[in-house]
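>>> Pasted the sequence and its predicted model underneath.
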Amino acid sequence: MRKQLKQFWQRTRNPALVVLLLLFVWWLFCLPKPLFKAPLATELLSSEGELLSARIAADGQWRMPAADSISPKLTAAVINYEDKTFRRHLGISLRGFVRALRDNWSAGRVVSGGSTLTMQVARMARGNQARTLVQKMLEAAWATRLEFRYSKEEILRFWLANAPFGGNVVGVEAAARRYYGRSPAELSWAEAATLAVLPNSPALIHPGRARSALQAKRDALLDDLVEASHLSAEEATLSKLEPLPDAPHPLPRRGDHLLERLRKTAPAGRFRSSLEAGLQLEVMELVRRHQSLLAGNQVHNVAAMVTEVASGKVVAYVGNVPDLAPAFAPDVDLITAPRSPGSLLKPM
């Protein structure tokens, strides 16, 4: 093989052809596997798919696994706001590049980047490096390679899973749950439009500032969606009446002990459990009430696990009293904690 390469170099009389060949080889292998390597947060879902508990990623970001289902409203809003030609281009858009040059020249400063959604995915995968001309060229090359390796739906899912949504919220799964307390599949038009404009200016989500700018961007996008026939003028008018999100919602903590148990045995990600969300809440309240009766006798820790007799599957799992005082070791999972034979016989 080495001898053949040496002969190829000796016979080649066209340096430009050699350069092009080397660039093509680089282009073929430029994308890493996997494309994104950042650590993920951990989710525990009920048997119905409802979020029970979550833990932040190792780098302090709420970067959840890609959403199982995305609202078509959000998809339409993102494409309409970020890249109207997304379904038609092959990674780069000459029209967008020319428009960005015109806008930046008119403004006398950089006001538009001209990046397609695919180029934005490339920039995020490259670690959001400085926006220089060289980086733009590399992003464009990566974008064309992304278009050949992945489908449009896969590229869009990459964007939705890794775009910044303000603070330490990354990806639409975390954004929908933190700002609206629901999954990305359940968003209204107003909520979808708000999330669609955030990655372009993630600082606008701050509850104490720039609220008017965020609302103006959201309302303008709703008008654009009317023009694109995604919703009616009446729907847009009603959507504009919806309030903007306030402080981020706390994520639910209805299965913390089981989640910690799973985290010790498997990598971070999304766990679908056999727990039933409604029953889990009932058992948590039952444990809380039972512990309040026993506290007078210095019994501060209570646990409960409910299994279905016919199948043996666990349908409720409460490892300790919810909201227990720190002095009584609330993080200890009593279901798995070792205990003496005497303690085991006491309930009998």
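All right, it came through fine. What you are looking at is a predicted structure, and each value in this text was computed from that prediction instead of being measured.
>>> and the nearest residue to Leu28 once chain neighbours are set aside, what does it touch?
Closest residue to Leu28 apart from its sequence neighbours, by CB to CB, 6 or more residues apart in numbering: Arg145 at 7.7 Å. For every residue, glycine as well, the C-beta is placed using N, CA and C. Going by CB atoms under 8 Å, 6 or more residues apart in numbering, Arg145 touches Trp27, Leu28, Cys30, Leu31, Gly91.
>>> From those, which land in helices?
Trp27, Leu28 (DSSP state H).
>>> Closest one to Tyr81 out of the contacts of Arg145, please.
Set against Tyr81, the nearest of those by CB to CB is Gly91 (18.7 Å).
>>> so Thr116 sits right up against Thr85, yeah?
Yes: assessed by CB atoms under 8 Å, Thr116 is found in contact with Thr85 at 7.5 Å.
>>> average pLDDT across the helix or strand harbouring Met284?
Element membership of Met284 [criterion: DSSP states H and E] is helix 277-294. Helix 277-294 shows a mean pLDDT of 94.
>>> Thr116 and Thr85 - which one has more neighbours?
The neighbour comparison of Thr116 against Thr85 (other CB atoms under 10 Å) goes to Thr116, with 25 against 12.
>>> Could I get the contacting residues of that one?
By CB under 8 Å, 6+ apart, the contact set of Thr116 is Asp83, Thr85, Phe86, His89, Gly91, Ile92, Ser93, Gly96, Ala143.
>>> Just to check, the third one is in contact with Leu117?
What that stands for is Phe86. Yes: taking contacts as CB under 8 Å, Phe86 lies within contact range of Leu117: 5.0 Å.
>>> intersection of neighbour lists for those two?
Ile79, Leu156.
>>> Drop anything exposed from the contacts of Thr116.
Burial by neighbour count, judged by 16 or more other CB atoms under 10 Å, picks out Asp83, Phe86, His89, Gly91, Ile92, Ser93, Gly96, Ala143 from the contacts of Thr116.
>>> What separation do you get for the closest residue to the last one other than its chain neighbours and Arg149?
Spatial nearest neighbour of Ala143, excluding adjacent residues (CB to CB, 6+ apart): Gly91 at 3.5 Å. Using CB to CB, to the nearest Å, one obtains 11 Å as the distance from Gly91 to Arg149.
>>> which residue ranges form the strands in this protein?
Ranges of strands in the chain, per DSSP state E, are 42-45, 51-55, 62-63, 169-170, 270-272, 304-307, 314-318.
>>> what about those strands, which gets the closest to Thr75?
Of all those, strand 169-170 sits nearest to Thr75, with 18.4 Å by CB to CB.
>>> residues making contact with that closest one?
With CB under 8 Å, 6+ apart as the test, strand 169-170 has contacts from Ala38, Gln61, Trp62, Arg63, Asn162, Ala163, Pro164, Ala175, Arg178, Tyr179, Ile205, Pro248.
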